[in-house]
Structures are given as structure tokens and as C-alpha cells.
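**Student:** test case, fold it:
(chains A, B and C)
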Amino acid sequence: MKYDVVIVGVGLAGLTAGLRLAQAGKRVLLLAKGVGGTHLGGSAIDVLGYRPERVEHPLAELPDFLAAHQQHPYARAGLPALRAAADWFLKLTEQLGYPFTGSLEDNYLLPTAIGTAKPSALVPQSMAAGDLRGGGQFAIVGFRNLKDFFPALLADNLSRAHAGQSDQATLTARAELLDPPGLTEPDLPPLDLARAFDRADFRAAIAAELRPRLKPGERVGFPAMLGLREPLAAWQDLQARLGAPVFEIPGLPPSVPGIRLYERLKNALSAAGARLQIGFPVTEASLAGGQCQELVTSGASRPYRWSGERVVLATGGIASGGIQTESDGAVREPIFNLPLAGVPADDTPRFRPAYFDSHPFSQVGLEVDGCLRPVDAAGRAPIANVHAIGAMLAHAEPWREGSGNGISLATGYRVSQVLLEEKP
Amino acid sequence: MDNLTAEILVIGGGSTGLGVARDAALRGFRTILVEKSDLATGTTGRFHGLLHSGGRYAVKDPVSAKECIEENRVLRRTAADCIEDTGGLFVCTPWDDPAYGDEFLKGCRACGIPVEEISPAEALRREPHLHPKLSRAFVVPDASIDSFKTLSANARDVEAHGGKVLPYHRVLRLLLEGQKVTGAVVQDVRSGEERTIRADFTVNASGAWAGQIAAMAGLEVTVLAGKGIMVAMNHRLVQMVVNRCKRPADGDIIVPIHTVCVIGTTDVRVPDPDEYEIEPHEVQQMLDEGEKLVPGFRQARALRVWGGVRPLYQAQKPSEVKDTRDVSRTYTLLDHPAHDGVQNFLTITGGKFTTYRQMAEVTMNSVCHYLGTERPCTTATSPLPDSETGRYYWLSSRLAKREANLHTDQAVCECELISRRRLEEAFAQRDSTNLDDFRRQLRLGMGPCQGGFCMYRATGILHANKAHSAPVADAAICNFLQERWKGVVPLLWGDQLRQSRLDEWIFQGLLDVAHLPPASQDKVP
Amino acid sequence: MIEVDDVRLTLDHCVKCNICTTFCPVANVTTLFPGPKYVGPQAERYRIGDVTPDHSLDYCSGCGICTQVCPQGVKIAEINNKARAKMVGGKISLRNMLIARPAMLGQLGMPLAPLSNFVLSLRPVRWLMEAVLGIHRDAPMPVFSWWSFQGWARKHPAPPQTKRTVVYFHGCSANYYEPKVGQAAVAVLERNGCKVIIPPQGCCGLPLQSNGDYENARRYAKDLVSRLLPYVEQGFDIVASSTSCSLMLKREYREILDLDLPDFRRVSEHTFDICEYLRDLYDQGELDTHFQPVNLAVPYHAPCQQKAHGMGRPALDLLHLIPGLQVIEMDADCCGTAGTYGYKREKYDIAMAVGAKLFRDIQATKPELSVCDSETCRWQIVHGTHLPSLHPVELMARAYGLPMA
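**Tutor:** Presented below is the predicted three-dimensional model:
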């Protein structure tokens, strides 16, 4: 069975590329050894948050940023692809019933679970009312038996956070702690809470208890668990019942918003005719004539061979084993043994003693050409039909720059443009 | 801050100091112990957790060996709750001379250490991960012992008998009246306040820092700092203590303790017990040595690395010592009144964790002699708090507890199965907002994720229950992040690097801890 | 020494992300099960010796989805499986001993088939069984066939001209409960030029293994392998129509029961799921693709243990060749029964809650029937949807226009 494109990895990058290609009529297979990117990475599309100063207008500031980071993945994807990707993503999530909002022009400033004000470009609609720009009054609601969310600490830090633009802007935040009706398990699983919010009777009970305690003008923040199957309806209904703007605050993984996104993207892929096989790592590739002919996975008792005209490597970099490291210092890309960039020389430190420093090893990855094909030090692509996207790419520190999902989205979109031979 | 008086002042919060303080308290002395950091942050908290049978010293250092087996028995009787009865193996790998086994047997017998030779096949049956080509194997009563738990139990006994244990109190200077030591001036390092502690007798039990304290009384006591590193592997590759059967050298012991196994160690003289590095080649050396005992060792996950300095008392001049491994591991009581003309002051130094109780007994016997009072030592037969039943610690205890409270309590630290109630209890009992203090006590953040998930929860609970101040909570989490980072940096490859990436994503990507509002921003001072 | 693919060693890969727990069908419907991460790589670091304090582990259904979704390669389900054996410690309840022996039950029930089925359909009998044995009164008991597949096979003449020979591993379900599946399998294979040898064979031991009785599971495994080995040595492949049973031969004997022996390896390498085998024929251009139209829209559920083969969806690949047939792959992960799990009094409600979404999704397509490669899943799906459920080869047989029985 031959596919047009085989994509390795089902994080946001792989899912983006897969969906674009499948919806354009290509025969797509996605192979992944597990599920992770969306569940751990969360849903917010962070395009550029820190340079290291906080970024307010990513689109305006990106050219400058890229002038100083010429090998950054955004430079390879190109800003037009990033813009097209953002437009596409907003339309897509609307169609999938889990609409995102935002733009590349202005970053939201949204609270994190510990109360930092963090920039994000595109977020689920249910998060937008948490925007801290311009100040405001916030009531942060937690649940006594939910151990992954501490509204008092959050509110405490939020009150101290910079409101951002205006000196006159004041920001007050306070905490409310509820006992979720009917959910008495002391160690409440986050998904159980999310599923409860899918129920109208649960929302009604929450609203009945909370509404009298709210002050006029307050925006109400909840942990990002407002519904799993029907999050849009759950959020809208809760907002209506409380008579106040409601927003979700993402926290520790696994991310419920990430799960919502994953499920919708996966279903859209199936509907578009794509195939997924999850649970088996690609162990090797067979090459001939400078092309990848087949990818091999190890099944229960024999290898299985999958062939595609093109291959997209979206295996997630170091965090997911897309790049492997050994105790003796070896670093390698395990499927094709592609050359890696950014590996510090043998006798130089890979990591610095101060935790918050930028670490030399953090930017290790693949360098790619304008078509997102991995290249060697001389700029040649050793395998003509292999492309690489997402966290596999070198020269980015997504968690420091605030660019994680942005890179995945932009490069996933760009590679689909390349493979569909669309003009950028 | 109020000044204090005591009959016995003990300087040093390691095993020696706590042992002396408990011994003193049980003999009815009003006792105060001071320690510049938290308890068990010196050598005691940094060894591999081995309760020696003495087999390691049976050939080369029989004095030490005999002390070890004696105290092994005493501690099993009195500190059972801190001990896991793993048993120990001495094995000859293909790199070891089988003939040494005969010397080993002879030495053990001469020292009274129970020893039994078993076949390599039997050794492999008990420990399937060992090298398949062992030539000889011997069973001895090694065990693993939790030093934090032991010290904590000692401290509770001190307080139960009216004494005081003061961590984070650094000795600034000793009080001297002529040639007599009458106490010390200490500083609470957290608040900066000073207080004076007057005591009838002062015991210097400050381990690798003993020389620094003795110098305050004008004494020249040379304690060399022998640095050793340990690597904790993420899970127990062996269930018994495993030793190489050979002359003691680096990396020849693997100790299963709690949920990890620890391989150690090296021995490198360092000039300053507070400043030392962990060198990449030392880490590689531990992995190489691990491969000899357990082929495939490098494929297992290395969880954390740390260093400790062992105190090696040197009667000779330091420059004469070539190899710190040649210094005896037995202990020395420096009788300052008798030999140095300084009264009411003793230094107890050297030694090992296994013999801490005996070191304390010998010290307090001497103190009694000088104070002119006859009070017998009871520590050899009095069980520590929680060890009264004589039941050894069972590795599965925490799992059993969690299974029992699965539907009645939250697991805050999932790796180490620490419940919310337990954490809140600890927060209430101890005056500290330093999460690392609680880590030592509870094992918070000591599992595979190194605090990745529990750090945020613990900080939230700290804030809600206790600190009520975001800057204090923020500082707690940032400090803990830095502290956890320190012990994994030299091991960032494979699984631990992937874990670290996930943790980085959680704290920097999702929580954005790096951009927390700085404390200085607050209007409140 | 440490074997790199040793199940326990894979716990080192766990980064505590809890993705496995978010996918766990059981954890998602009950808090009685704290999740695969907890009972797997997390608790494993605390297990020592022969005594283990595990209790909540009992709620693990063994579906294996956790291992498939883990992004780091932890063999969670396998760790859980082995821990269960330790927890059980050789002390198997009477109930578990019974339901773990479908062959024995089949031998007892089949000779009296119409009567035994009737008795088991009586509510008072089921209530009594629940009270005494702990088998839930509503659990979908398979219906004993009044004729055995082996009996039919002995009288079945081999086709005159064949291009290849295969050995059919039919499993307990085809022999005692659903011989029609066996017949369809043989018919489809013969249609494609196969001579099908059906040797005497026993139970693969899967239910024994999943209930923690490794000692007996190994006995059954050795017996089955010894019966199949001579054919493998003659160069014949083994074709199986239960994706659960064939997984035992392919992998579980080695990975769970630690039977890593040369004979087992040889048999494993020659074992194919029937859809996999037929798809391979198709890839070689050897499959008869003269299908009559089957104008149906059918939902297809890939059993958890089918996914564990890592062979893609050969059933889908084959069914797509049938004109007029529209196959809709269901997106629910687990039907809930997990072999013998759903039959247990204390687990039945959990199993039904797990399968609820699948039942709803199947019914929403308003089908005549559903398709699924594993027998206990089919029985559960029938129970939950009140619609028939067929093995893919039964549909293929229909599309080939083959007369059945």
C-alpha cells in the first residue's frame, strides 16, 4: 500500500501537515509511537512571547527577531506561511466546533496557573476573557479537591503582575474555592471535572453557588477544564448562567484543551481519509537513489513496511525521542541518521549551572532548507523526499521564546504548501 | 532573640552530632544542637545509604570492620524502622581476582562478620541483573539505611527528652573564658539574628568542618575532605547491596535504597568541603563501574548525581597524605582537655554513618568523665521513636499506604506517593518555607520527575496553608527548581533529558515561572 | 545483565505525563482505578519480592491502550499484567479459574448445547451464578454451538487444487461458540487457493494470563506451540481469526510469559492474523478480488488487541475492496469487555460504561450489523447494540457469494 505522504509524529506539526494534505486529496498515513504533543504542549498557539523582552506585537516584531535569528524555524517557514497558517487555523477550529481567537498582530496577555502574565497569540475562545491588558477585576475559581490548580496563589501573583500598557490600569484578583457538586473524590481527576462541566445540571449547580459571590464587573477564571466533548457550549452556557465573562486558565499537563484539539484534528483526519497508526515507532528507513523508499515499524512479531512518495518527520525532537541522546554523549536522529546542528563541541558544556539560563544544548536539531528538507553542514539535502517540521528543527528554544505551537503550526502548514506545490 | 543555656552544646547536625545529642539527652543532660544548614546536609545526607556489615573493610581495615559489624547489630535492634534488610553480596566479576575471595572470607571471620559463600548460579538467581560470569559470591548482612529518617528520629528523641535541635544556626565563634570553652555565638542564617548559647560542655561534631570549628578554639585539627560522588539510578536494578569483592576502590558498591539504587563512589581530596564540582569523567566512571557489576547499566536511567565529602581525620601533616583512601575509616575522639589544654571541649571526627552511635557513646563517656558524673549510655538498647516494634522498613510501605488512602486523600507527589495530609502535617510542624527542607524529610520531588509535577502543587499548598505570600511561594518554587536542576545537569541524556525537557516545558512554557512578578516590585517591604 | 527490551526496565522511560491515564478506558469511567501510570511504572518501583500490596491494580482491564499511546515507550500494560500475576500469587478465585478456561467450558457446555444455552438464559440461574460465582447476571454469555468446528473440519474435504498451504488456528471461540466464523475463514482461504490444515489444538491461554495464572497459561502455551510447530517446520504459515489469540502467539508468550525459546520464536514469526494474511496476498496480486456488491454501510471496531499487532487495519483494507460496502471506522478505543473482565460482577458496570460510546456510535450509523475481529468484543458489541456483529471474513465470504454451513 503506497501513500502520497507518510508523516511520522502526531503532535500539532504532524496533525497540521496531515490534515492540510488529506483535505487536499492526498493519501496520507500518520505513524506515531505515541500521543503527546497536544496533550503536553497545551492548545495555545504561542507565536513569539519573549525576545527576551515581552513581545506585544509578534508580526511587527518578527522581522527584527528573525534578523537576529536567521536560522530560526520561522525563517525557514517564512512569515507568509505563518500568516496563512494562522488564518487557516482560525477557520479550521471554527469549522471543528472549537473556535480559536486572536491574531498575529497583538499578543494576548493571559494568566498562567501560577499567576504569571504570559503572552499568547491564538487561543481557544474560552480563554480570551482572561486578557490582562488594560487591567480588570478577576475572580479565580478553584476546586478544593483539584490538586492541579491553586486559585489563591494565582490571584496573589496576578494582583502583582504588570497590567502592561497603561500605567493607570489597575488589576485586582481574588480567589474562590468551591466543592464541585457530586464529585467527592479527594484526588479528583481533571478529566472527571471536565466531563462534569459538559453537563448542564453541573453547570447550573456551580452557577447557583458562585453567582451570588461574584462582584459586578468581575471576570471569572476557571482551570481549563470547562467541558471535554462540548467545550464551546459548556463555556458559553456557564458564562450565561454566571452573568459574567468566563475564561479558562491552562495548567499542568495533560492539557484538556490540548485533548479537545487532538480529538477534533484526529477525527477531521479520519473524515478526510487519512490513516493513523499509533503505538509503534518507526525503527528504520530504507533508502535508494537518495530517496526514502519505505519506513519500517516493528509490529508484534514482524516488521511492517510503509511507503510514501514523501516523508515528513514530525517526531518532536529531544523531548519525544525524535532526537536520541546517550550516556556517552552521542546525539542522533534515529530514523535517517540525519546530521544534527547545534551540538556543542565535546569539551564544552551542554548545560549551564543556573536553571533559568539559556543552555547551549537547547537548540540542537535539524537544519532545513526553504522546502523544509533537512540539510547537512554544506546545505545539501541528503534525502530528497524527506522533510522535517516542528520541534525537530534546530535554532529555537520554544519554552523560552514562547514559540512552541507557533513553530509547529507554521512549519506544518509550510510543508503542506511545499508538498501541494502551492505558492507561498 | 533570646539567649540559651544548656549543659551540652553539640555543634553539627549530621549523624555524629545527632547521635551525641540523643545520647546526651537520654543521659539526662539538657542538650542543644546547632547546625548551619538543615539536618543531614553534610556527609550524612550524601552517602549511598549503606549500613555496613564491615565486609568492605574486613581485609584492609579490620578495626573499622569490627566497629561496623558491632554497630550493624545495634542499629538493627534500635533503628529498625530506618533500615531495609536487603542483605548484601560480595561478588567477583571477571575483572576481579577470585583468590581475593579467600582473603575476604578470612578477614570476615576474623572480624566476626557472618559470611556465607554461595554459588554464582545462586547469586544470579537472587540477582538476575548481575554479570553472568561471576566467579564467586558471598552473602553478608549489609543493609540499606535512610539517614534522614534516622536523624529525624534521633532529633525527635532529643526533643522528647527536653532538648533543642536548631537547624540553620551557624556557629560564628566559640565563647572562651581563658582556655575553657563555655559555649558559642550562633546566627540564624535565615533571619540574620544572633544568639548566645552557654553550655557546660561543647562537643564539636561538625564532620568535614570540624577543623573550622576547632580553629575557633585556637586548635589545629586537620580533617581532610575526601569528595565522593554518587549516582542514583531511577529504579532498583538490584534488591540486595552488591559489592565488588576486591580491594576497595571507586564505584564498587550498588545500594538499593527506597525506590532507587545508588552507585558510588569516588574519593578525591578537595580543599574546601563546601565547594566542589562533579566532573563529567567521574560520572562516566560510575557508569563504567556499574557496567561491570550489571551489564547494560548504561541503558538504565540515571536519575540524580550528588557529591559529598567524607571527613578524614589526619594526625599527620596533610602534605604527607598521597591517597585519601589510605586513611583509616575509623573514628577519632580528640581529647582537647588532655592533650591540647583546652577545657570543656571535645572533637569527635572521622568515622562512618554505620558507627555513629558508638562514636556518640565514646564521646559522651568522655564528657561524663570530665563533668565528674556517672551516667551510663542507654542508646545501644533504647529503640529510636518509630523503631519500637523492631520491624524493618518495607519498600512497599508507601504503596500500601497509598492503596489504603486512595479514596480519602490526594497524592501530591505521585512519584514518592506523598499524600496531601502528610505534606500539610509537615508544613505545620516545621518552621520553614524552604521546599528543600521538606524534600529531605518526605522525599518530595525525589522521584523520576524530580518535582516536575509536585513542585507546583507543593508550592500552592505552601501558599494556601502557611506562607500566604506570593513572593515567598514564588521564591520557594524557584529555589526548588534550581536545587533539583543541580543534581540532574551532569546526567542530561536519554530518559532524564527527556524528563527535563518536559519539566522545562511545564515550568517555563506553561507556567512561565521565569516571568513571575519579582518580589522587589511589591510595595510592601 | 539487563535486557534492553525487558518490560520492567521500560519504566525508566516514564516521564509521569499521565497521557496513558487520559486514554485509559477504565480510569475514564471509574475512580476505582487510579490509572495505568499509577499501577504501572509508578507502583513498579515499589514492588519487591513475592508480596505486593496492590489492590487497585485489579481494575486494570488489560486492554493495552496505555502502551500504545505512551509517547516514551513504557510497556505499561505489560508491567501491569506481570504485577497482577504477582498480586494474585497463584491464588486464583474459583470464578476466575472457570471463566479463564473457555475450552473447558466449551467441552462441558457444547454436548448439551440447546439445554445448556437454555439454562444459562434463565434469570434465576444467572442470579445464582452471580451470587455464588461472581459472574454478572447480565454479562453476555457466549452461546454454545451444538456442533464443534473441529468436528466439521474433520469431515471437510480439502479443495482439489491449491497454491499454498496454511494452518488455521481457530481458537476456542470458533470451535465451541461460533463455528460459522471458522467456516467463513476456511471458505475465504480456500477461495484464494489455500489448503487449510486444521490440526487439533487447545486454548492459547490468554484468559489464564490476563487473570494472573501464569503457571497454567504457560502450560497451555507450550501445548499449543508444540502442536503448531511441526507445520511451521514444514514451512507453512499459521493463520488465526481471533486477533486476541494470535497476539499471544505473536508476542505475549515471549513478552509476558517470558517464554523466549527458539520454538516459540519460530511459531511467532509464522503467525498471521487472517486479514493480515489476505491483505498480503492482495499486495502480491494473489487475492481473488471478484466480489459481488454488498450494499451496506457498516461500522468497524478495531479491538484493542488488534491494534497491538501494529499491522494497520487489514480488515479495512480488505473490506474497501468490496463494491457497495461502506465501512465506517469507529473512533472509540475499547468495547469494554476486555476478554473476561466484563463478565465479572464487580467489573461489568465498568465494562458497559467503557463501551457506551462505542455502542452509541455504532447505533448512530443505523447499521444492519457491525464488524469486529475479536470474539469477546463482538459478543459485547451485540450485547450493547442489539445488532449482529460479524468477523470481517464473514462479510468477505458473503461478498464472494460463498455458501455457508
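
**Student:** now the residue in the stretch 151-300 of chain B positioned nearest to chain A: how far from residue B:263?
**Tutor:** Using C-beta to the nearest C-beta, the closest approach of the stretch 151-300 of chain B to chain A is made by residue B:298 at 4.7 Å. The way it works is simple: take the backbone N, C-alpha and C, and place the C-beta from them, glycine included. Separation of residue B:298 from residue B:263 (C-beta to C-beta, to the nearest Å) stands at 11 Å.

**Student:** more neighbours: the two, which one.
**Tutor:** Neighbour tally, residue B:298 and residue B:263, criterion other C-beta atoms under 10 Å in any protein chain shown: the higher count belongs to residue B:263, 27 against 18.

**Student:** who's in contact with residue 154?
**Tutor:** No chain was given, so I picked chain A. A:111, A:113-115, A:140, A:142, A:173, A:175, A:221, A:249 (C-beta atoms under 8 Å, 6 or more residues apart in numbering or on different chains).

**Student:** my bad, the chain I had in mind was chain B
**Tutor:** Listed by C-beta under 8 Å, 6+ apart, the contact partners of residue B:154 are B:18-19, B:21-22, B:384.

**Student:** joint contacts of residue B:298 and residue B:263?
**Tutor:** residue B:290.

**Student:** about what we covered before: just flag the most distant two among the contacts of residue B:154.
**Tutor:** B:21 and B:384 (12.8 Å; C-beta to C-beta).

**Student:** of these two, who's got more company?
**Tutor:** residue B:21 (33 against 23).

**Student:** are we agreed that the more buried one is in a helix?
**Tutor:** Yes: under DSSP: H, G, I helix; E, B strand; the rest coil, residue B:21 falls within a helix.

**Student:** any chance you could map the helices in the stretch 1-150 of chain C?
**Tutor:** C:19-23, C:36-37, C:43-44, C:65-69, C:76-88, C:94-99, C:102-109, C:113-121, C:123-133, C:149-155 (DSSP state H, counting those that start in this stretch).

**Student:** so which of those gets nearest chain A?
**Tutor:** Ranking these by proximity to chain A (C-beta to the nearest C-beta) places helix C:65-69 first, at 3.1 Å.

**Student:** give me the element the closest residue to residue C:162 other than its chain neighbours is part of.
**Tutor:** For residue C:162, ignoring the flanking residues on the chain, the nearest one in space by C-beta to C-beta, 6 or more residues apart in numbering or on different chains is residue C:195 at 3.9 Å. For residue C:195, the host element (DSSP states H and E) is strand C:194-197.

**Student:** same for that strand, what does it pack against?
**Tutor:** Applying 3 or more C-beta pairs under 8 Å, 6 or more residues apart in numbering or on different chains; DSSP states H and E, we find strand C:194-197 packed against strand C:164-169, helix C:179-191.

**Student:** ok, now which ones touch the closest residue to chain A within the stretch 301-405 of chain C?
**Tutor:** Going by C-beta to the nearest C-beta, chain A is nearest to residue C:310 of the stretch 301-405 of chain C, at 3.3 Å. Counting by C-beta under 8 Å, 6+ apart, residue C:310 touches A:277, A:279-280, A:297-300, A:304.

**Student:** confirm that residue B:478 sits in a helix.
**Tutor:** Yes: looking at residue B:478 with three-state DSSP, it is inside a helix.

**Student:** for burial, what's the neighbour tally of it?
**Tutor:** Neighbours around residue B:478, by other C-beta under 10 Å: 18.

**Student:** now do the contacts for it.
**Tutor:** B:513, B:516.

**Student:** residue ranges with poor pLDDT in the chain?
**Tutor:** With no chain named, the answer covers chain A. In the predicted model, chain A carries pLDDT under 70 at residues A:1, A:162-169, A:423-424.

**Student:** can you look at chain C instead?
**Tutor:** C:404-405.

**Student:** near chain A, which residues of it show up?
**Tutor:** Residues of chain C lying close to chain A by C-beta under 8 Å from any C-beta of the partner chain are C:17-19, C:21-23, C:27-28, C:31, C:34-35, C:67-73, C:247, C:249-251, C:268-269, C:271, C:283, C:307-313, C:317, C:329, C:331.

**Student:** repeat for the stretch 201-350 of chain B
**Tutor:** The stretch 201-350 of chain B comes close to chain A at residues B:284, B:287, B:298, B:302, as judged by C-beta under 8 Å from any C-beta.

**Student:** quick check: the residue of chain A nearest chain B.
**Tutor:** Counting by C-beta to the nearest C-beta, chain A gets nearest chain B through residue A:150, at 2.9 Å.

**Student:** so what's the residue count around that residue?
**Tutor:** Neighbours of residue A:150 using other C-beta under 10 Å come to 28.

**Student:** what number of residues lie near the residue nearest to residue B:277 when sequence neighbours are not counted?
**Tutor:** Excluding the flanking residues, the one nearest residue B:277 by C-beta to C-beta, 6+ apart is residue B:307, at 8.0 Å. A total of 21 residues lie near residue B:307 under the criterion other C-beta under 10 Å.
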